[in-house]
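Peer 1: Here is a sequence with its predicted model. Questions after.
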Amino acid sequence: MSALPPLVSAGRRPARSTLSRALLVPFCAGVALLVLAVVGISITAATRAADEELARSAGATKGSFDEAVRRRQAQIESDAATVTAQNRFSERLASGDSRSLELLTIPNSIQQDYDYIAAVGPRGARVFADRHVKWPRLVTDSAVVERASTGIAGGGLGLAQLGEPIQFAAVPVRIPGPKFGVMILGRVIQPEMLDAVGGPLGPELWIETRLGARRSRLGEPASVDTPARLHSYPLALAAQSGAGSRLFVSLPTERLKAATTSAALVATGTGATIALLLILLVGALVRRTVLEPLRSLRVAIRKVGQGDHEARLPLDGPRELRELAEGFNSAVTMIGEQRERLGALGGTDPLTGLANNRRFHETLERELERARRERGELALVLIDIDHFKDLNDAHGHPFGDEALRRVAMELVGAVRATDVVARVGGEEFAIVVGGADPALAYQIAERARASASALPLPGATISCSAGIACVPADAADGRGLIDLADRALYEAKRRGRGHTRRYEVSQTVSSYTEIQYAEVVALLERADSIKTVFQPLVDLATGRVVGYEALSRFDAPVGRPPDQWFAQAHRCGLGAELEAKAVETALSVKGRPPSTFLCVNLSPTALFSSAVRDVLPEDLDGLVVEITEQEMVSDTEALSEALSSLRARGARIALDDAGAGYAGLQQVMRLELDTIKLDRSLVDGVHDDLAKLALIEAFVRFARRTGTAVCAEGIETLEDLAVLADLDVTYGQGYALARPSEPWGAVSPAVSQTLFARSVGRDIEGSVNAHLPDTGDRRLEQLTARISRMTSLDDLEGVYRLIGEELGAEDVCFSTWHPEEQYVETIGELGWVHAGQRFSVEDYPTTAHVLDTQEAVQILAGDPLADRGEVDLLATGGYRSLLMLPVISRGETVGLLECCRADERPWARSDMDRARIIGYQLGHLLEMLGPTRAAAAQAELTIAPGAVLELERPPAGYSYRGAGLQPAREW
């Protein structure tokens, strides 16, 4: 009798050994080839070892020969030195007295032992010579003797007239005069010397020499019938020609042949033994080694797919591998398409959808190159919205953004399909018109300008001005073309705005630049021309003001916005001076609250100028230098060095307008930033824009990994503020928090209190069914906090839906694990699984694997390697994706969490990580409430002996777990 319901096994799947058969035959063939390869490699290695041994022996013999030559050379040099040391030798040599040298000075023993004796006087003339052998040329003509006449002794091997090798030494003799005399002794190498060298080792030596067309041999090789290995070495000759002279060493091979044969026999026997063992074991191992390697292969393929987006698997092989390859290729294709879309976003202006500044320059350079190659024409049109700042101030930034978007749509509709429209500034657009002469370019520009100017806007009207420059009529390169088009645009604005103007040669450089230059100079000369306002930066976790950004306002009659003044100053070469004055004005304001920092904006080019360096104090503690992403320089290394110098003095570095797409994440990573300031176009409307939300969340995760803060600029609404705070954005800045004002502004108490309340989790206190944040890690944090406050397992019923939303699942099942009886029991009743159902893990090996190893596993309905019992269970509920992970408490598995999806979509690593966090919290809940639940379950299932329980019959082929209740059984 048992206290448990009957555990009925599901129908076993028919054995499918397709892959086993496919692996078995190649495996045996591979073993045979391996054995043959081992034998071949062993024989080759033994042969190579024998050859190396012969080479070492030959090298040793050559070394012995060289040592004998060296000793002999030392003896010759010693004898020559002894002769020169004889009484009055130098005097007789200097006087040229050869008779005295022969009879009185050079000993008889020397004359008897040496084959060549010569003495050379101070002028290089031979004074004495006693030669038993003759050289083709007199030794005194050699370079060695010439060196000896300068006081440097020498010698070595040479060749006599008949080609016999002779060893000689040339010793300098000090005599009056600028040069030395030379004493030369030479001795022919005899066959006996070669026999003496080869005798102890058994090799035979001989020397073959070449002198011109004459060939000579010293010594004779042994009989050619004796197996031997021949090695030859070149002879280094110190004098005379003799290229091709060599020393030959012949070694017998009988001793090494036996060693090679023995090694081959041992390798053959070892290989055969290994092959036999492998073939005997393969049948027992294949069942256990096929499934797990293939699952590992699937994981490896997914990892490869994450890194190599060009990788593809061939659609051949067994059916299982073909299906796996199709899934892999589909995933890689999808990832590649997403990568291309991200690349396109990197060249797109996020507000208007037009090409951004970077892609505009790339397009312009490409079209210029095509025009040069095809000898064609090209035009550039710059269009600017007149008085756009007034429009923004009167109607607000959202209205201005909408106007920019609609103007962009009008411009795209007014140009040809081949023309490229880009947004290159705040309210400035550019049109690259390929293959257009000046007349056609003017028509297109005027049509585009008029179309944008006629745009109906509620409560406002806009007008646009346009400037045109052409290639090759006006300029030859991209920089000149942009400059001339900008001059034409400036001239159109100066003459009343609202019309199109093409660059004219009569509009000289001086007439254009002098006006702008004079305006900037006047701005710099007036002491009160720049006024600084400060906008607070707020810590979104506490609501506290942590810093201020200094924003320049210009008191100028023209009334241009600050960014236009700075752009004009840079065009006139006064950009660094204007930025320096703005920074100096901001730093002069006193009374900044303690523990707050000050942000100042500097362009990368201004960092290298002395004007900016002069106004920055030595101690930069509390100062944040903001670098604009849209003005990034190409020399990142030089910029990094300049920023490192500022950081060493206490400054922090921030990247302004990040996410606008000009520099990209690569430069963001290279600059080692302290703060990333998100562009307002990325922040505005984030509460209802999933794409912006995902991008900001990616920035936050990147910043968290690199220790960088994230600041969101341009926060206009409280809805955006709430989402950004939930995304764990570090700082916030915008009208929703505080407007730029006189020093030193603060945020309203209501905003600070709201942000602080969100940070301490007041919005999650009370009911466990309270609303969760829509995005970010805050939602996961608050979900686990709810679970930690539960006092009953019944409270989980209100959390299952939230867990599913967090993990992207349509259904969630939570079960307790009973290891003694090897079954799991569901706790909550959801969909197709009822509370209290028990399932034997013997019928579901994947579930058993998860509970035993504590590893998370996902199952897809189309996976050929998935356990069929799990797949059939998924089909019962109408699902095609399953994520299973253990619920763990104190290192022990106490339950099982299962998440299901209706579509066949893999679970991402981030999903698994979040599921594990929830599982750990559920584990603590089970540890606290588990004993009570287990006791209650035991009491409910106590049935009298002999009782019969009537249960519903499930559909044929399904187990108790997934198909409902089983037929009646007697306990």
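Peer 2: It's in.
Peer 1: check contacts around residue 463.
Peer 2: 385-387, 453, 497-498 (Cβ atoms under 8 Å, 6 or more residues apart in numbering). Quick note: C-beta positions are derived from backbone N, CA and C, even for glycine.
Peer 1: Out of those residues, flag the one nearest to residue 551.
Peer 2: Residue 551 lies nearest to residue 387 out of the contacts of residue 463, by Cβ to Cβ, at 20.4 Å.
Peer 1: Give me the neighbour count for that closest one.
Peer 2: 14 (other Cβ atoms under 10 Å).
Peer 1: on that earlier part again, what's the PyMOL line that selects buried ones from the contacts of residue 463?
Peer 2: Selection of buried members from the contacts of residue 463 for PyMOL, criterion 16 or more other Cβ atoms under 10 Å:
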select buried, resi 385+386+453+498
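Peer 1: Am I right that residue 182 is in a helix?
Peer 2: No - with DSSP: H, G, I helix; E, B strand; the rest coil as the criterion, residue 182 is assigned strand and is not in a helix.
Peer 1: beta partners of it?
Peer 2: Assessed by DSSP bridges, residue 182 has beta-bridge partners residue 120, residue 172.
Peer 1: ok, it - how many residues close by?
Peer 2: Neighbour number of residue 182 under other Cβ under 10 Å is 31.
Peer 1: Model confidence for residue 959, exactly?
Peer 2: Residue 959 carries a pLDDT score of 38 in this model.
Peer 1: before we move on, back to that, going by distance to residue 233, which of the contacts of residue 463 wins?
Peer 2: Using Cβ to Cβ, the contacts of residue 463 come closest to residue 233 at residue 385, 86.4 Å.
Peer 1: so that closest one sits right up against residue 406, yeah?
Peer 2: No - using Cβ atoms under 8 Å, residue 385 is not in contact with residue 406, being 10.9 Å away.
Peer 1: Quick one: the contacts of residue 463 as CSV, columns for distance to residue 129 too.
Peer 2: Converted to CSV, those look like this (distance: Cβ to Cβ, whole Å):
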residue, distance to residue 129
385, 105
386, 107
387, 109
453, 110
497, 108
498, 110
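Peer 1: Quick check: the farthest pair among the contacts of residue 463?
Peer 2: Comparing every pair within the contacts of residue 463 by Cβ to Cβ identifies 387 and 453 as the most remote, at 12.2 Å.
Peer 1: any idea which of the contacts of residue 463 is closest to residue 745?
Peer 2: Nearest to residue 745 among the contacts of residue 463, counting by Cβ to Cβ, is residue 387 at 27.8 Å.
Peer 1: for that closest one, what are its contacts?
Peer 2: Counting by Cβ under 8 Å, 6+ apart, the residues that residue 387 touches are residue 463.
Peer 1: Grab the nearest non-local neighbour of residue 347.
Peer 2: The shortest distance from residue 347 to any non-neighbouring residue, by Cβ to Cβ, 6 or more residues apart in numbering, is to residue 359 (3.5 Å).
Peer 1: Just say helix, strand or coil for that neighbour.
Peer 2: Under three-state DSSP, residue 359 falls in the helix class.
Peer 1: Relative to residue 418, how far out is it?
Peer 2: Distance of residue 359 to residue 418, computed by Cβ to Cβ, to the nearest Å: 15 Å.
Peer 1: These two: which has the busier surroundings?
Peer 2: Neighbours were counted for residue 359 and for residue 418 using other Cβ under 10 Å; residue 359 has more, 19 against 11.
Peer 1: okay, residue 898: pLDDT?
Peer 2: Looking at residue 898, the pLDDT reads 90.
Peer 1: and the nearest residue in space to it that is not next to it in sequence, what helix or strand is that in?
Peer 2: Leaving aside its chain neighbours, residue 898 sits nearest to residue 813 (4.4 Å; criterion: Cβ to Cβ, 6+ apart). Under the criterion of DSSP states H and E, residue 813 resides in strand 811-818.
Peer 1: Pairing partners for the helix or strand that comes right after that strand, with directions?
Peer 2: Next helix or strand after strand 811-818 toward the C-terminus (DSSP H and E): strand 823-826. Sheet pairing of strand 823-826 (DSSP bridges) gives strand 811-818 (antiparallel), strand 838-840 (antiparallel).
Peer 1: next one: strand 823-826 to chain centre, how far?
Peer 2: 46 Å (Cα atoms, centre = their mean, to the nearest Å).
Peer 1: could you give the mean pLDDT of the strand holding residue 813?
Peer 2: The average pLDDT within strand 811-818 is 89.
Peer 1: do the same with stretch 231-251
Peer 2: Mean predicted lDDT for stretch 231-251 stands at 75.
Peer 1: what's the span of that stretch from first residue to last?
Peer 2: Taking Cα to Cα, to the nearest Å, stretch 231-251 runs 8 Å from one end to the other.
Peer 1: which residues in the stretch 151-300 of the chain form strands?
Peer 2: 154-159, 165-173, 181-188, 204-211, 214-218, 228-234, 246-252 (DSSP state E, counting those that start in this stretch).
Peer 1: about what we covered before: which of the contacts of residue 463 fall in helices?
Peer 2: Among the contacts of residue 463, the members found in helices (DSSP state H) are residue 453.
Peer 1: Sort out for me which of the contacts of residue 463 are in strands.
Peer 2: residue 385 (DSSP state E).
Peer 1: Among the contacts of residue 463, which one lies nearest to residue 855?
Peer 2: residue 385 (59.3 Å).
Peer 1: Provide a list of residue ranges in the stretch 101-250 of the chain with pLDDT below threshold.
Peer 2: 104-105, 124-125, 130-142, 199-201, 221-226, 239-243 (pLDDT under 70).
Peer 1: rerun at 80
Peer 2: Applying pLDDT under 80 to the stretch 101-250 of the chain flags the ranges 101-109, 111-112, 122-145, 160-163, 176-179, 195, 197-202, 210-215, 219-229, 236-244.
Peer 1: could you list every residue that touches residue 580?
Peer 2: So residue 580 contacts 606, 609, 611-612, 614-615 (Cβ under 8 Å, 6+ apart).
Peer 1: What distance separates the opening and closing residues of stretch 822-836?
Peer 2: Stretch 822-836: ends 15 Å apart by Cα to Cα.
Peer 1: Now do that stretch, average pLDDT.
Peer 2: Per-residue confidence for stretch 822-836 averages out to 76 on the pLDDT scale.
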